[in-house]
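Novice: quick one, structure for this:
(one chain, ligands or ions: 1)
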Amino acid sequence: MALQIIVGAQWGDEGKGRIVDWFAAQADYVARYNGGDNAGHTVTVGGQIYKLHLIPSGIIHPETIAVLGNGMVINPKTLLGEMEMLRSVGIEISPKRLRISAFAHLITPAHRALDSAFERARGSASLGTTGRGIGPAYTDRAARRGLRLGDLLAPDFSARLERHLDEANRTLAFLGAPTLEPGAILSEYLSYAQVLKDYITDVSLELNLALQSGKSVLAEGAQGTLLDIDFGTYPYVTSSHTIAAGALTGLGLGLHAVASACTLGVVKAFQTRVGAGPFPTEIGGELAERLRGSGANPWDEYGTTTGRPRRVGWLDGVLLRYAACINGFHEIAVTKLDILTGIHPIRLCVAYEEDNRRLENLPLGPLNLERYRPIYEDLPGWDEPVSHCRRWTDLPPAARNYVERIATLCGVPVRFVSVGAEREQMVICEARE
Ligand code: IMP
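Specialist: Residues are numbered from 1 along each chain as shown. Coordinates of the predicted model:
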């Protein structure tokens, strides 16, 4: 493996963390290229559950270097909390093991306050953001007034932060939201600078040199393809590039890296989404509750960051085909197949219908999704538990048939099928007989 890019194929929460965890053991670097603490990865190792929002889950492997790329927006408070949590469970956190791009943008309390105030102002048209200040931080980046991690090291950082808070306060006042007191925030951020200064570096240079010298880099995307700022269900998207190409701009990788790259799409065996926006295959009622789970288990369908119940539905093959095209998936991993045990039949959306016309592909990408009616294929389910399966042939024939249908629909081979939350609960399809 040289460059491997792991991307969510749906609206996030596909279970990327555990696929990254699988590969991270052999990777020299695991690098996050987009988003911030809106993401949440749950990784279960030996019964121990790790919840991470910023630091790539690869940090759990002692030989792997974790990287936070320039495409990210970083809340230093969350970051320091994670560093402490990981230390407390015996994981080494030092500049030897963690690198932070000087070009990544800082999230401040003003960004979080603005996120909530804008959502309130949108009223019934709110986007259902995670409230982590992601949109306002990327807005400042695009408006060229953002604060970057590298700025923490500048002698005039306090003055710049004060200017940022002044500007934000004017907008907050305009929106009728409480304004922020700069004093405490200034001293808080100066203390973060002291801790983080040794971790801030030129990530792009290091990763390019590493790839040139034959080392392996695992690029980890947050959220999913359908939340991409351009290629997702705009405006119900996040503010970064979640797709595979985001790994190049979000880590500063040269195009030479592409020649050896492998892009793996992570596809949940059914569809979920948190927050507002179109969802053609959404279902309700008892079946939805069953797919969602009660919330008692960490793998149930409740947001890792916000705890919100996720909307659930049947797998959407039209959107999956779109994701495979936009990202150029070389292979896919199908996750949470075990959750479908005992469901009869299993429905799979294979095309859309609009005005009695069958559409195999989207005429305008995921624009105007609400116009389409899904056309389903009903596949037989299975009753046998699958959590013990490790080889392709261990899976019941109906489960194999479902997975094969997914592969055919998007034209991409399936490399893994996950059948439970533990690291080893994975069917490796290369072992097909
Ligand atoms: P934001 O990223 O907080 O601005 O939220 C924008 C949209 O993306 C909302 O619908 C969120 O629910 C969704 N979103 C953001 N991060 C994640 C994630 O990690 N998983 C799933 N949905 C997410």
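Novice: surely Glu353 is within a strand?
Specialist: Yes: Glu353: assigned to a strand according to DSSP: H, G, I helix; E, B strand; the rest coil.
Novice: show me where the stretch 101-250 of the chain has its helices.
Specialist: In the stretch 101-250 of the chain, the helices defined using DSSP state H, counting those that start in this stretch lie at 109-122, 134-142, 157-174, 182-196, 203-212, 246-251.
Novice: may I see the buried residues of the second one?
Specialist: Right, helix 134-142. The neighbour-count check on helix 134-142 (16 or more other CB atoms under 10 Å) flags Ile134, Gly135, Pro136, Ala137, Tyr138, Thr139, Asp140, Arg141 as buried. To be clear about C-beta, it is placed using only N, CA and C from the backbone, and glycine gets the same treatment.
Novice: give me the residue from the stretch 301-433 of the chain nearest the ligand.
Specialist: Thr305 (6.4 Å; CB to the nearest ligand atom).
Novice: assign that residue to helix, strand or coil.
Specialist: Relying on three-state DSSP, one would call Thr305 coil.
Novice: before we move on, back to that, so of the helices of the stretch 101-250 of the chain, which one's packed in deepest?
Specialist: Highest mean neighbour count among the helices of the stretch 101-250 of the chain (mean count of other CB atoms under 10 Å): helix 246-251, with a mean of 25.
Novice: show me how far whatever helix or strand comes next after that one is from its chain's centre.
Specialist: Per DSSP states H and E, helix 246-251 leads on to helix 256-259 as the next helix or strand towards the C-terminus. From the chain centre to the centre of helix 256-259 is a distance of 23 Å (CA atoms, centre = their mean, to the nearest Å).
Novice: what do you get for stretch 113-132?
Specialist: On CA atoms, centre = their mean, the centre of stretch 113-132 falls 20 Å from the chain's centre.
Novice: would you put the C-alpha positions of it in CSV?
Specialist: Written as CSV, here are the backbone C-alpha positions of stretch 113-132 (Å, rounded to 0.1, in the frame of the first residue of the first chain):
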residue,chain,number,x,y,z
ALA,A,113,-21.9,30.4,18.9
LEU,A,114,-22.4,31.5,15.2
ASP,A,115,-23.3,28.0,14.1
SER,A,116,-26.1,27.9,16.7
ALA,A,117,-27.2,31.4,15.9
PHE,A,118,-27.4,30.8,12.1
GLU,A,119,-29.3,27.6,12.7
ARG,A,120,-31.8,29.4,14.9
ALA,A,121,-32.1,32.2,12.3
ARG,A,122,-32.9,29.6,9.6
GLY,A,123,-35.9,28.5,11.6
SER,A,124,-37.8,25.6,9.9
ALA,A,125,-35.2,25.6,7.1
SER,A,126,-32.4,24.7,9.5
LEU,A,127,-29.7,22.3,8.2
GLY,A,128,-29.5,20.3,11.4
THR,A,129,-25.8,20.9,11.8
THR,A,130,-23.8,19.3,14.6
GLY,A,131,-23.4,22.8,16.2
ARG,A,132,-19.6,22.4,16.4
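Novice: what's it in contact with?
Specialist: The contact list for stretch 113-132, computed with CB atoms under 8 Å, 6 or more residues apart in numbering, reads 36-38, 75, 107, 112, 133-136, 168, 171-172, 175-178, 180, 235-236, 274-277, 303, 305-306, 308.
Novice: which residue of the protein sits farthest from its center?
Specialist: In the chain, the residue that sits farthest from the middle, by CA atoms, centre = their mean, is Asn356; the gap is 35.6 Å.
Novice: now do the contacts for that one.
Specialist: With CB under 8 Å, 6+ apart, Asn356 has no contacts at all.
Novice: can you report phi and psi for it?
Specialist: Here is the backbone geometry of Asn356 (degrees, to the nearest 10): phi 60, psi 10.
Novice: please list the residues of the chain that sit near the ligand.
Specialist: 11-13, 38-40, 127-130, 132, 134-135, 222-223, 227, 236, 238-239, 274-275 (CB under 6 Å from any ligand atom).
Novice: give me that answer again for 5 Å
Specialist: When proximity is defined by CB under 5 Å from any ligand atom, the chain lies next to the ligand at 12-13, 38-39, 128-130, 134-135, 223, 227, 238, 274-275.
Novice: show me the two of the residues you listed that sit farthest apart.
Specialist: Using CB to CB, the two most remote members of the residues of the chain next to the ligand are Asp13 and Gly135, lying 18.9 Å apart.
Novice: which parts of the stretch 301-433 of the chain are strands?
Specialist: 311-313, 315-316, 331-335, 346-354, 357-359, 363-366, 373-379, 414-418, 426-428 (DSSP state E, counting those that start in this stretch).
Novice: pull out the buried residues from the last one.
Specialist: Neighbour-count burial for strand 426-428, counted by 16+ other CB under 10 Å, picks out Met426, Val427.
Novice: what's the first-to-last distance across stretch 263-278?
Specialist: Stretch 263-278 stretches 26 Å from its first residue to its last (CA to CA, to the nearest Å).
Novice: re earlier: any chance of the residues of the chain next to the ligand in CSV, with pLDDT too?
Specialist: Shown next, in CSV, are these (pLDDT from 0 to 100):
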residue, pLDDT
Gly12, 95
Asp13, 94
Asn38, 95
Ala39, 94
Gly128, 94
Thr129, 96
Thr130, 95
Ile134, 98
Gly135, 98
Gln223, 96
Leu227, 98
Thr238, 98
Val274, 94
Gly275, 89
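Novice: return the helix or strand in this protein with minimum mean pLDDT.
Specialist: strand 41-45 (a mean of 71; mean pLDDT, DSSP states H and E).
Novice: for the ligand, what's the nearest residue on this protein?
Specialist: Closest point on the chain to the ligand, by CB to the nearest ligand atom, is Gly275, at 2.2 Å.
Novice: can you get me a residue count around the closest residue to that residue other than its chain neighbours?
Specialist: Of all residues not flanking Gly275 in the chain, Gly128 sits nearest, at 3.0 Å (CB to CB, 6 or more residues apart in numbering). By the measure other CB atoms under 10 Å, the count of residues near Gly128 is 16.
Novice: if I look at Gly128, how far off is Arg122?
Specialist: With distances taken as CB to CB, to the nearest Å, Gly128 is found 10 Å from Arg122.
Novice: these two touch, right, Glu82 and Tyr50?
Specialist: No: using CB atoms under 8 Å, Glu82 is not in contact with Tyr50, being 9.4 Å away.
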